[in-house]
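A.B. asks: Pasting the sequence and the predicted coordinates here, then a few questions.
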Amino acid sequence: MRYLVDRSGTVRSYLGAPPPELFTAGLLRYRGDGISLELTSVGSTALDAYLERKAALDALPCTLTRSPLREELHRADEPIRILRQIGTGREIAPGATLTDPSDHPVTYLGPTMSSDDNGTTWRPTFTARVSYPDHGGWLYPPAALGAFYDAEPVAPETREPR
């Protein structure tokens with residue numbers, strides 16, 4: 001099996017050999033010693049194009065999602081999307097016991113949360129986080145729990161139980 005030795009730092013590291021497709025596509029070639037590798041001009045152009053695409057993608061706005069399977073109740077100091085029972089419209093508060101689609105008891109933890117500003121502020125989404133007593137967190141669309149979310153989130157200071 002062929003491998004590459006990286007001697008660029010103070011400690012040698014060993015890497016797997018590049019795939020043969022890089023050679024057949026003309027992106028890489030061995031130097032005259034048959035050991036050292038070099039990028040061809042085509043390979044250099046392809047690498048530059050890749051780095052430009054990567055920079056453009058990195059510059060796009062992104063949305064972070066707080067770990068949806070965390071098993072903590074929704075934080076009282078953050079906005080929440082109110083979950084309501086389909087039949088009655090009654091509010092289901094975080095900590096309430098519900099029944100999952102297979103009729104097993106689960107504890108409602110709150111909605112998943114996402115952020116568009118690197119975690120400075122978080123907003124509730126439309127997926128319910130629940131916890132099973134014996135095997136941890138799970139996510140469900142509210143309809144699977146016989147419920148629905150209000151369209152607009154409620155700020156923590158204006159929220160009143162119903």
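C.D. replies: In hand now; what should we look at?
A.B. asks: Going by C-alpha atoms from here, please, whenever you check contacts or count neighbours.
C.D. replies: OK.
A.B. asks: Okay, now the unreliable bits of this protein?
C.D. replies: Low-confidence segments of the chain (pLDDT under 70): 1-2, 157-162.
A.B. asks: how about the helices of it, start to end?
C.D. replies: Per DSSP state H, the chain carries helices over the ranges 21-24, 41-59.
A.B. asks: centroid residue for this protein?
C.D. replies: Thr65 (5.9 Å; Cα atoms, centre = their mean).
A.B. asks: check contacts around that residue.
C.D. replies: 112-115 (Cα atoms under 8 Å, 6 or more residues apart in numbering).
A.B. asks: one step back: identify whichever of the helices of the chain lies nearest to Ser131.
C.D. replies: Smallest distance to Ser131 across the helices of the chain (Cα to Cα): 34.3 Å, for helix 41-59.
A.B. asks: any chance of the helices of the chain in TSV, plus mean neighbour count and distance to Ala93?
C.D. replies: Below are the helices of the chain laid out as TSV (neighbours: other Cα atoms under 10 Å; distance: least, Cα to Cα, whole Å):
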stretch	mean neighbour count	distance to Ala93
helix 21-24	12	56
helix 41-59	12	38
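A.B. asks: I'd say Asn118 and Leu64 touch.
C.D. replies: Yes. Counting by Cα atoms under 8 Å, Leu64 is a contact partner of Asn118 at 6.6 Å.
A.B. asks: who touches Leu64 in this structure?
C.D. replies: By Cα under 8 Å, 6+ apart, Leu64 lies in contact with 114-116, 118-119.
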